[in-house]
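A.B. asks: A structural model of the following input is requested.
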Amino acid sequence: MNTDMLLSDVQFSELYLYLTSKERFGLGPAQGNVTCDHTLRSTLEWMKKHRVQDIRATIEKIVDLGGHCDCEVLLNVTPATWEERRGEEITGPDSLGESEWQQLVSDLLSHS
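C.D. replies: Numbering: from 1, shown residues only. This next block holds a predicted model:
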């Protein structure tokens, strides 16, 4: 996998801060005003706004690390996790099968 196409560690930290802002999902005492709609809508909005080079590849990596929706990005894909594991091969196709994996990612992108 070409990690140059994925968010850098700094960019991912910025995305994470965006998601945890009190206007969004805010963790802990900064409880956010947005309820997770079980999509990656806010994650994708941020990526489009910041002109991420390869949104699909980045979403595939986020999903592979357990971020199937915006709140799961916060719970499962912390900046430390991203920094540590962004260079690892994506295992999703191995566990689901290639066509099922592509369908999962396509569905997440289209429903967000």
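A.B. asks: pLDDT weak spots in the protein?
C.D. replies: Across the chain, the ranges flagged by pLDDT under 70 are 1-3, 22-34, 112.
A.B. asks: measure the residue sitting nearest the centre point of the chain to Glu88 for me?
C.D. replies: Nearest to the geometric centre of the chain sits Ile62, at 4.0 Å (CA atoms, centre = their mean). Using CB to CB, to the nearest Å, Ile62 is found at 13 Å from Glu88. Bear in mind the C-beta positions are built from the backbone N, C-alpha and C, glycine included.
A.B. asks: need the contact list for the residue nearest to the centre of the chain.
C.D. replies: Neighbouring residues of Ile62 by CB atoms under 8 Å, 6 or more residues apart in numbering: 40, 43, 73, 77.
A.B. asks: burial measure for the first one, as a count.
C.D. replies: So that's Leu40. 24 (other CB atoms under 10 Å).
A.B. asks: dump the residue contacts of it.
C.D. replies: 59, 62, 67-70, 73, 108-109, 112.
A.B. asks: helices along this structure, start to end?
C.D. replies: Here the chain has its helices, by DSSP state H, at 9-20, 41-49, 55-64, 70-76, 79-85, 92-96, 98-110.
A.B. asks: from these, which stretch is densest packed?
C.D. replies: Across the helices of the chain, averaging neighbours per residue (mean count of other CB atoms under 10 Å) puts helix 55-64 on top, at a mean of 21.
A.B. asks: by how many degrees do that one and helix 9-20 diverge?
C.D. replies: Here helix 55-64 runs at 70 degrees with respect to helix 9-20, directions being taken by axes from the mean of the first three to the mean of the last three CA atoms, to 10 degrees.
A.B. asks: let the chain start at 47 from now.
C.D. replies: Taking 47 as the first residue, the last one we looked at is helix 101-110.
A.B. asks: good, we can wrap up now.
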